[in-house]
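K.L.:
quick one, fold the following:
(chains A and B)
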2 protein chains.
Amino acid sequence: MNPVVVRAISALRQAVHDVRRRGLTVGFVPTMGALHEGHASLIRAARKETGFVVVSIFVNPTQFGPHEDLARYPQPFEKDLALCAVESADLVFAPQVETLYPQGFRTAVEVGGLQDVLEGSSRPGHFRGVATVVLKLFHLVSPDHAYFGQKDAQQVRIIQQMTRDLNLPVEVRVCPIVREADGLALSSRNVFLDTAQRKNATVLYRSLVEAQAMIKQGERSSTVLQRMLTERITATPGVILDSAAIVDADSLQPIDPLREQVLIA
Amino acid sequence: MNPVVVRAISALRQAVHDVRRRGLTVGFVPTMGALHEGHASLIRAARKETGFVVVSIFVNPTQFGPHEDLARYPQPFEKDLALCAVESADLVFAPQVETLYPQGFRTAVEVGGLQDVLEGSSRPGHFRGVATVVLKLFHLVSPDHAYFGQKDAQQVRIIQQMTRDLNLPVEVRVCPIVREADGLALSSRNVFLDTAQRKNATVLYRSLVEAQAMIKQGERSSTVLQRMLTERITATPGVILDSAAIVDADSLQPIDPLREQVLIA
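P.N.:
All right, here's what the predicted structure looks like:
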């Protein structure tokens, strides 16, 4: 069955209110559309654990920098709806920009210390935009569980911290990365890659796997690991390295030597 | 009947969950304790409009600057409970500081443009602390209506804006200022005034009333009004003027000449 498509806040609230009265729990998968198998895995997890599954499709302008790809971000809406139907989502919330950001909007959430490192350092304001829109969507959908992909590790860490710090009554579920057969993580932006770029992009996965193997063999020096990652990636034609970092999975601060949970980003 | 006193988040959530199942609406009055007739008027408004009234008593450290009066802020807890009992509040939420700000807490809300003007300019971080704790309390109590006093006009404006911008499912109710017979607005901090200061403090009310009268008689110049306020207040022994401003009630930006709704602060 096709999901109900809702564009207005009032209709969304009414729908959620009605299913709650029927005693159902609500699962929520926030997306920017251009859905792929990674999103599908989130919808399936929600479908399994909750009684009513809401998917939001909203290309959030506040998380794009002025020179980023907002204008050309893919928006295959009908295809997205078809995927939601296949995965038995119940409701798709697809608001207009003005619905979420009316005239005079001026509020933002800061998750101190986690927003401005790693990807955040090269994309100022990005995670502030992400955290703020997710908080708004949590208030609109009021889910019991919300589902995010481990692919966006820093985003996941920020959402978890925000949820805990602000006492949001939402369980954040993190689902594994879904990869192509050759290891490339699925991403809506992979369509921007030409054939050569697509082939070379697997260096990310291959170097991560190599780092993991080195750690399993006893390597504990972040410096050594980082050097290997940097060499592998910069040696690949057409790949420009933004940063390769080994950080504490909790604080996202650089850590050397390795201890406890680390994130290789 | 005495209200239930709750210190733990889990007990609060359980209590609210239970009353919602009974079909009751929830009214919420956030306070820092040291309750007076102003707070009582908020509790009465909540009592009138909702089925279950929650009062929080929490002296929020993050809204005090390093040289402010956190350590000596009055905390007459038993007296506060007695007032809550008289006004028939159902539940008092009085968490410990560590309950709301556990180790590693790092999230804050910014309401751009409204936080750093007027009182915010002399109290950096104050309204950021207020907005953040109110957002947390909204998530914990999940009220239908929340009640604030017009006395803290800038705070009210910020909470309203945050509630709208973040799509919080809460109705913010603003109740009139409660004053002593001679016009001084009730405040938990009035106990800090000695006899002479207490007497002189009424210059605030008297100059506001005079400004109002001038406006009614046709005065539209903020400059003229501000000069009168500044003269009246600085001429009063023992009173140090922080700022006297005439601002647009919506943007909190200075406005001259007067038009639409203005706030004299």
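
K.L.:
hmm, A:Ile264 is touching A:Met228, no?
P.N.:
No: applying CB atoms under 8 Å as the test, A:Ile264 and A:Met228 come out as separate, 10.7 Å apart. Yep, even glycine has a C-beta here, placed from its N, CA and C like the rest.

K.L.:
among the two, which residue is more densely surrounded?
P.N.:
A:Ile264 (19 against 16; other CB atoms under 10 Å in any protein chain shown).

K.L.:
show me what that one is bridged to.
P.N.:
On the basis of DSSP bridges, A:Ile264 is bridged to A:Ile246.

K.L.:
who touches both of A:Ile264 and A:Met228?
P.N.:
A:Ala211 (CB atoms under 8 Å, 6 or more residues apart in numbering or on different chains).

K.L.:
near chain B, which residues of the stretch 151-265 of chain A?
P.N.:
A:161-162, A:165-169 (CB under 8 Å from any CB of the partner chain).

K.L.:
the strands in the stretch 51-200 of chain A, which residues?
P.N.:
Assigned by DSSP state E, counting those that start in this stretch, the stretch 51-200 of chain A shows strands spanning A:52-57, A:91-93, A:107-111, A:145-149, A:171-175.

K.L.:
deepest of those, which one?
P.N.:
Across those, averaging neighbours per residue (mean count of other CB atoms under 10 Å in any protein chain shown) puts strand A:52-57 on top, at a mean of 26.

K.L.:
average pLDDT for it?
P.N.:
Mean pLDDT, strand A:52-57: 98.

K.L.:
work out the gap between that strand and the centre of the chain.
P.N.:
Strand A:52-57 sits 15 Å away from the centroid of its parent chain (CA atoms, centre = their mean, to the nearest Å).

K.L.:
direction included, what does it pair against?
P.N.:
Here, using DSSP bridges, strand A:52-57 pairs with strand A:26-31 (parallel), strand A:91-93 (parallel).

K.L.:
okay, those strands in a markdown table with mean pLDDT next?
P.N.:
Below are those laid out as a markdown table (pLDDT from 0 to 100):
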| stretch | mean pLDDT |
| --- | --- |
| strand A:26-31 | 98 |
| strand A:91-93 | 98 |
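
K.L.:
turn the ones you listed into TSV, columns for distance to A:Asp69.
P.N.:
Formatted as TSV, the strands paired with strand A:52-57 follow (distance: least, CB to CB, whole Å):
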stretch	distance to A:Asp69
strand A:26-31	16
strand A:91-93	23
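
K.L.:
for the residue of the stretch 1-150 of chain A found nearest chain B, which non-adjacent residue is closest in space?
P.N.:
Of all residues in the stretch 1-150 of chain A, the one sitting closest to chain B is A:Thr107 (3.6 Å; CB to the nearest CB). Nearest residue to A:Thr107, sequence neighbours excluded (CB to CB, 6 or more residues apart in numbering or on different chains): B:Asp165, at 3.6 Å.

K.L.:
kindly report the same for A:Lys151.
P.N.:
Nearest non-adjacent residue to A:Lys151, counting by CB to CB, 6+ apart: A:Ile177, 4.7 Å away.

K.L.:
so the one you found touches A:His36, yeah?
P.N.:
No: assessed by CB under 8 Å, A:Ile177 is found out of contact with A:His36, at 11.8 Å.

K.L.:
joint contacts of the two?
P.N.:
A:Leu186.

K.L.:
on that earlier part again, what subset of the residues of the stretch 151-265 of chain A next to chain B is buried?
P.N.:
Of the members of those, the ones counted as buried by neighbours, 16 or more other CB atoms under 10 Å in any protein chain shown, are A:161-162, A:165-168.

K.L.:
as a markdown table, those with pLDDT and distance to A:Met32 would be great.
P.N.:
Converted to a markdown table, those look like this (pLDDT from 0 to 100; distance: CB to CB, whole Å):
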| residue | pLDDT | distance to A:Met32 |
| --- | --- | --- |
| A:Gln161 | 98 | 21 |
| A:Met162 | 98 | 18 |
| A:Asp165 | 98 | 24 |
| A:Leu166 | 98 | 23 |
| A:Asn167 | 98 | 27 |
| A:Leu168 | 98 | 21 |
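
K.L.:
between its first and last residues, how far does stretch A:111-124 reach?
P.N.:
13 Å (CA to CA, to the nearest Å).

K.L.:
tell me how chain A divides into domains.
P.N.:
Domains of chain A are assigned by automatic domain parsing as A:4-175, A:193-264.

K.L.:
and of those domains, who's closest to B:Gln14?
P.N.:
domain A:4-175 (12.1 Å; CB to CB).

K.L.:
now do the closest one: distance to the chain's middle.
P.N.:
Its chain's C-alpha centre and that of domain A:4-175 lie 9 Å apart, by CA atoms, centre = their mean.

K.L.:
which residue, other than its chain neighbours, is closest to A:Thr99?
P.N.:
A:Ile9 (6.3 Å).

K.L.:
burial measure for the one you found, as a count.
P.N.:
When neighbours are defined as other CB under 10 Å, A:Ile9 has 16 of them.

K.L.:
hang on, it packs against A:Leu137?
P.N.:
No: counting by CB under 8 Å, A:Ile9 sits too far from A:Leu137 to count as a contact (10.8 Å).

K.L.:
show me the contact partners of stretch A:158-176.
P.N.:
So stretch A:158-176 is contacted by A:28, A:41-42, A:45-46, A:49, A:109, A:111, A:114-115, A:127, A:130-131, A:134-135, A:138, A:142-150, A:156, B:9, B:13, B:100, B:104-107, B:132, B:135-136, B:139-140, B:142 (CB under 8 Å, 6+ apart).

K.L.:
quick one: contacts for the residue of the stretch 1-150 of chain A closest to chain B?
P.N.:
Counting by CB under 8 Å, 6+ apart, the residues that A:Thr107 touches are A:132, B:109-112, B:161-162, B:165-166.

K.L.:
same list, these, but as JSON lines with distance to A:Pro95 please.
P.N.:
Shown next, in JSON lines, are the contacts of A:Thr107 (distance: CB to CB, whole Å):
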{"residue": "A:Thr132", "distance to A:Pro95": "14"}
{"residue": "B:Val109", "distance to A:Pro95": "21"}
{"residue": "B:Glu110", "distance to A:Pro95": "22"}
{"residue": "B:Val111", "distance to A:Pro95": "22"}
{"residue": "B:Gly112", "distance to A:Pro95": "21"}
{"residue": "B:Gln161", "distance to A:Pro95": "20"}
{"residue": "B:Met162", "distance to A:Pro95": "19"}
{"residue": "B:Asp165", "distance to A:Pro95": "14"}
{"residue": "B:Leu166", "distance to A:Pro95": "14"}
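
K.L.:
of these, which is the nearest to A:Val55?
P.N.:
The closest of the contacts of A:Thr107, once distances to A:Val55 are taken by CB to CB, is A:Thr132, at 19.6 Å.
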